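Peer 1: Sequence below, structure please.
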Amino acid sequence: MKPKIIHTNRVPAGRAKISQAVVFGNLCFVSGMVARDPATGKTVSGGLAEQTRQVLRNIESVLQAAGTSREYVLKTDVHLTDMSQFEEFNREWEAFFPKNPPARICTQAGALGPGFLIEIDAVAGMPDEG
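Peer 2: The predicted model follows:
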């Protein structure tokens, strides 16, 4: 079995040359996503709520390109530049995952890049083909 590399142009590429996701067996590993606007490639303006929504939309676009969806997300790692904004982030999270949210870790990161307040990566299952 070989890993399957996933890339979609619905999510802007960053500076680093990485796979947006890798599917191996029945798992999809999504790289860390930041709040880049797919239309412009630029950092989304606004605060943490706006950036969180964009990051989650970017993850969803990559999951769809891989053949899965947010309902199959098993675990995420969340990195915030300021943990004092956790509640603002968590409101958006709960709206995106209203039922059966995935396991999660949330830590504070020193810096994520120009203007980024949040980065999230994900591991999702793949739906049965049957």
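
Peer 1: shouldn't Gly47 be in contact with Glu92?
Peer 2: No. Applying CB atoms under 8 Å as the test, Gly47 and Glu92 come out as separate, 10.6 Å apart. For glycine as for every other residue, the C-beta is placed from the backbone atoms N, C-alpha and C.

Peer 1: Out of these two, name the residue with the larger neighbour count.
Peer 2: Glu92 (19 against 11; other CB atoms under 10 Å).

Peer 1: Where does that one sit, in terms of helix or strand?
Peer 2: In the assignment (DSSP states H and E), Glu92 maps to helix 86-96.

Peer 1: as a whole number, average confidence for that helix?
Peer 2: Average pLDDT, helix 86-96: 97.

Peer 1: helices or strands up against that helix?
Peer 2: The contact analysis (3 or more CB pairs under 8 Å, 6 or more residues apart in numbering; DSSP states H and E) places helix 86-96 against helix 48-66, strand 73-80, strand 103-108.

Peer 1: Which one of those lies nearest to Leu27?
Peer 2: Closest approach to Leu27 among those (CB to CB): strand 73-80, 8.0 Å.

Peer 1: what pairs with the closest one, and is each one parallel or antiparallel?
Peer 2: Strands that pair with strand 73-80, judged by DSSP bridges, come out as strand 103-108 (parallel), strand 118-125 (antiparallel).
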